[in-house]
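> Quick check, what structure comes out for this input:
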Amino acid sequence: MRDQISKPTNPDVKVNKGFDGRIFLSNEEYQTYMRRMPVRYIRKRKKDLCEICGKPPTKVNPFDSSHIIGFRMGIVFLGLTPDFLDKNENIVTAHKKGCNSFAELSLEDSCRRLKTIGVTKLPSHLPKNSFECWEQISNN
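Numbering: from 1, shown residues only. You can find the predicted model right below:
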């Protein structure tokens, strides 16, 4: 008779603890995500019309939840937390083909957007080109 293996019981640990409302990842978190990108948890309900072109979804071009500050750009170049990137204010409804790419800001425009919400400096562990872009925006 085969021994029964009992399932390990989970301690009372909440999965996906979040980032306590922080905008930026710590250096350790950033280094971890450079090894493997985090999962996206978008909870914002999609609109009836595309927020980019104003048209409804179609069978060949359905809607997607699109990040204004792109998820990969936000993690890699700006060190933003997934929680911040998945906030409703950073998500728009857009067609999967075409409109989705128009929804996402460039690095320069992403820096400008951060400045409009009161961010004054970037974490020190980001790539050099992020700081160059930030400085360029600050000098204009």
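> hey, let's count contacts and neighbours off CA atoms from now on
Fine.
> Any regions of the protein where pLDDT drops low?
Along the chain, the parts satisfying pLDDT under 70 run over 1-15.
> All the helices of it, residue numbers only.
27-35, 71-76, 82-85, 99-103, 107-116, 128-138 (DSSP state H).
> Make a markdown table from those helices and add distance to V60 to it.
Output for the helices of the chain, formatted as a markdown table (distance: least, C-alpha to C-alpha, whole Å):
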| stretch | distance to V60 |
| --- | --- |
| helix 27-35 | 33 |
| helix 71-76 | 24 |
| helix 82-85 | 27 |
| helix 99-103 | 13 |
| helix 107-116 | 30 |
| helix 128-138 | 36 |
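> OK, contacts around the closest residue to A103 other than its chain neighbours?
Distance criterion C-alpha to C-alpha, 6 or more residues apart in numbering; nearest residue to A103, sequence neighbours excluded, is I68 at 5.6 Å. With contacts defined as C-alpha atoms under 8 Å, 6 or more residues apart in numbering, I68 is in contact with N90, I91, V92, A103, E104, L105.
> quick one on the thing from earlier: which of the helices of the chain sits most buried?
The highest mean neighbour count among the helices of the chain, using mean count of other C-alpha atoms under 10 Å, belongs to helix 82-85: a mean of 22.
> closest one to P57 among the helices of the chain?
P57 lies closest to helix 99-103 among the helices of the chain, at 11.1 Å (C-alpha to C-alpha).
> Can I get the closest one as PDB, trimmed to CA atoms?
Provided in PDB are the C-alpha atoms of helix 99-103 (Å, rounded to 0.1, in the frame of the first residue of the first chain):
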ATOM      1  CA  CYS A  99      -4.600  51.100 -30.400                       C
ATOM      2  CA  ASN A 100      -2.900  49.100 -27.700                       C
ATOM      3  CA  SER A 101       0.500  50.400 -28.900                       C
ATOM      4  CA  PHE A 102      -0.700  54.000 -29.200                       C
ATOM      5  CA  ALA A 103      -1.900  53.900 -25.500                       C
END
